[in-house]
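Chemist: model this:
(one chain, ligands or ions: 1)
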Amino acid sequence: MTDVSSGSALPQERRLVTAVPGPASQELMARKRAVVADGIGTVMPVFARRAAGGILEDVDGNRFVDFGSGIAVTSVGNSAEAVVRRTTEQLRDYTHTCVMVTPYEPYVAVCEELAAVTPGDHAKKSALFNSGAEAVENAVKIARAYTGRQAVVVFDHGYHGRTNLTMALTSKNMPYKHRFGPFAPEVYRVPVAYPFRWLTGRENCAEEAAAQAIDQITKQVGPDNVAAILIEPVLGEGGFIEPAKGFLPRLAEFAKEHGIVFVADEIQSGFCRTGQWFACEDEGLVPDLITTAKGIAGGLPLAAVTGRAEIMDAAHSGGLGGTYGGNPVACAAALGAIETMREQDLAARARRIEEVMKPRLEKLAERFDVIGDVRGRGAMLAIELVKPGTSATGSGSARPGGPVPQPDPEATAALAHACHQQGLLVLTTGTYGNVMRFLPPLVISEELLNEGLDVLESALAGL
Ligand code: PLZ
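Modeler: You can find the predicted model right below:
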């Protein structure tokens, strides 16, 4: 894999010139503490100066291998050439008119691209927003308008945002919901097929979980009351959980039988991240609606709901919108990002990243007992850390009658800290805080990928 990092002059090499954080970052952190609300947390206490390709440079001159992409956003690399070119041109022409006042071509062009790249060849329409949470809220509004029903079904370990409705849709209390209620009503949570933690074993997971979910919907809500079933095809903040194969198609089929709108939240998994344009393609799923954000626009705030034209049109004219939704500069960025994905075949690069990383992660799992499970696909990979001896090493299967894997969030935090100290930007995730996730920019060089894994290995050895 050649290094296709954007035109930036930022050298693609890891470099530590101070302790982490260095003095300049510490000074900025003191300023931050004084004026930025404590609710805005920090994963790695260094301040960014530049970023490109697979490297993020801090204000002290340290260069980190980036295994985070700003939480799966800069898939095309930071300041990617096409994103910079198109947004710069757009900035010169006009920065805002408000699409509801006088529309503009880039908005339409993004919706055309969304119709082309999302699964299914039916007639599709889109509406654009600023953030993932806003897209999810609007998908629910549209599904309710279309069905005339209110209930929304979501899943254990699901994450959909931090606004009032999306907090209700999100499963995890800390840090997302604690003390922020009351939450929106008509939200029902059902089990998800989590292979590593399925007590009767991986092989039973898809079928049993689907049966439980459908039983709960049927008994507790009533399918005729359900507007939408909303799920991430790979659950991101919940711990990079890939629902056991067969689970998603079974739910989609149930939705179809009962006139329920099936919504795939591909905000984290979409736009080439998992080795396809969208993760649901792996099981041939064609969702009625799909929500996207993050990777769509190379770092500018943009989100979308895309879906069957007749469902999307159920909301009356003026019923959807917002001052900035589909801002022209963000649309220009999206067109640049999509152009980059297509021209550089970033889906193939994501698959190559899996080829390089997964076998090495699996080797690490054999060597280090603390790794209970290795999972994910494309450039959306993770390891789940457990107390040694509580899972079958390597294969990581929850066995009938065998030990229940005990999450080890302390080891996970210590591992992340050690990686940060050695120049590798990694993020943790998971309901139990015990999953380390890997989300490199898709344009990262193979050398940097391997170097990042070397750092991870030495950090594991030092635990
Ligand atoms: N749906 C599947 O992954 C955002 C959240 C980080 P916004 N995930 C990162 C944090 O701690 O806030 C996300 C997601 C899925 C919805 C969202 C929400 O997207 O753009 O953050 O609103």
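Chemist: my hunch is that residue 125 is in a strand, does that hold up?
Modeler: Yes. In this structure, residue 125 lies within a strand as judged by DSSP: H, G, I helix; E, B strand; the rest coil.
Chemist: ok, the nearest residue to it once chain neighbours are set aside - contacts?
Modeler: On the basis of C-beta to C-beta, 6 or more residues apart in numbering, the spatially nearest residue to residue 125 that is not a chain neighbour turns out to be residue 312, at 4.0 Å. Heads up, the C-betas are built off the backbone N, CA and C, glycines and all. Contacts for residue 312 were tallied using C-beta atoms under 8 Å, 6 or more residues apart in numbering; they are 124-127, 142, 289, 305-306.
Chemist: out of those, who's nearest the ligand?
Modeler: For the ligand, the closest of those turns out to be residue 305, at 11.9 Å, with distances computed as C-beta to the nearest ligand atom.
Chemist: can the contacts of residue 312 go into a markdown table with extra columns for neighbour count, pLDDT and distance to the ligand?
Modeler: Conversion of the contacts of residue 312 to a markdown table gives the following (neighbours: other C-beta atoms under 10 Å; pLDDT from 0 to 100; distance: C-beta to the nearest ligand atom, whole Å):
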| residue | neighbour count | pLDDT | distance to the ligand |
| --- | --- | --- | --- |
| 124 | 21 | 98 | 20 |
| 125 | 16 | 98 | 21 |
| 126 | 24 | 99 | 16 |
| 127 | 26 | 98 | 15 |
| 142 | 26 | 99 | 16 |
| 289 | 28 | 99 | 13 |
| 305 | 28 | 99 | 12 |
| 306 | 27 | 99 | 15 |
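Chemist: Direction included, what does the strand or helix carrying residue 375 pair up with?
Modeler: Using DSSP states H and E, residue 375 sits in strand 371-377. Strands flanking strand 371-377 in the sheet, each with its direction: strand 380-385 (antiparallel) (DSSP bridges).
Chemist: In the helix or strand containing residue 112, which residues are buried?
Modeler: Per DSSP H and E, residue 112 falls inside helix 105-117. Taking 16 or more other C-beta atoms under 10 Å as the neighbour-count basis, helix 105-117 is seen to contain the buried residues 106-107, 110-111, 113-115, 117.
Chemist: filter the residues you listed down to the ones close to the ligand.
Modeler: Within the set of the buried residues of helix 105-117, contact with the ligand (C-beta under 6 Å from any ligand atom) is found for no member.
Chemist: Would you format these as CSV with pLDDT included?
Modeler: Supplementary listing: the buried residues of helix 105-117 in CSV, determined by pLDDT from 0 to 100:
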residue, pLDDT
106, 98
107, 98
110, 99
111, 99
113, 98
114, 99
115, 98
117, 98
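Chemist: For whatever residue of the stretch 1-150 of the chain ends up closest to the ligand, which residues are in contact?
Modeler: Nearest residue of the stretch 1-150 of the chain to the ligand: residue 132, at 2.2 Å (C-beta to the nearest ligand atom). The neighbours of residue 132, taking C-beta under 8 Å, 6+ apart as the test, are 160-161, 265, 267, 291, 293-294, 303.
Chemist: Spell out which parts of the protein neighbour the ligand.
Modeler: Taking C-beta under 6 Å from any ligand atom as the criterion, the contact residues of the chain with the ligand come out as 71, 131-133, 136, 159-162, 232, 236-237, 265, 267-268, 293.
Chemist: Endpoints of stretch 29-49, how far apart?
Modeler: Between the opening and closing residues of stretch 29-49 we find a distance of 14 Å, counting by C-alpha to C-alpha, to the nearest Å.
Chemist: Single out the residue in the stretch 301-450 of the chain that lies closest to the ligand.
Modeler: Counting by C-beta to the nearest ligand atom, the stretch 301-450 of the chain gets nearest the ligand through residue 303, at 6.3 Å.
Chemist: show me the contacts for that residue.
Modeler: Residue 303 makes contact with 128-132, 134-135, 267, 291-293, 296 under the criterion C-beta under 8 Å, 6+ apart.
Chemist: would a markdown table of those residues with secondary structure be doable?
Modeler: Converted to a markdown table, those look like this (three-state DSSP):
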| residue | secondary structure |
| --- | --- |
| 128 | strand |
| 129 | strand |
| 130 | coil |
| 131 | coil |
| 132 | helix |
| 134 | helix |
| 135 | helix |
| 267 | coil |
| 291 | strand |
| 292 | strand |
| 293 | coil |
| 296 | helix |
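Chemist: tell me which of the residues you listed is nearest to residue 217?
Modeler: Using C-beta to C-beta, the shortest approach to residue 217 within these belongs to residue 291, at 20.6 Å.
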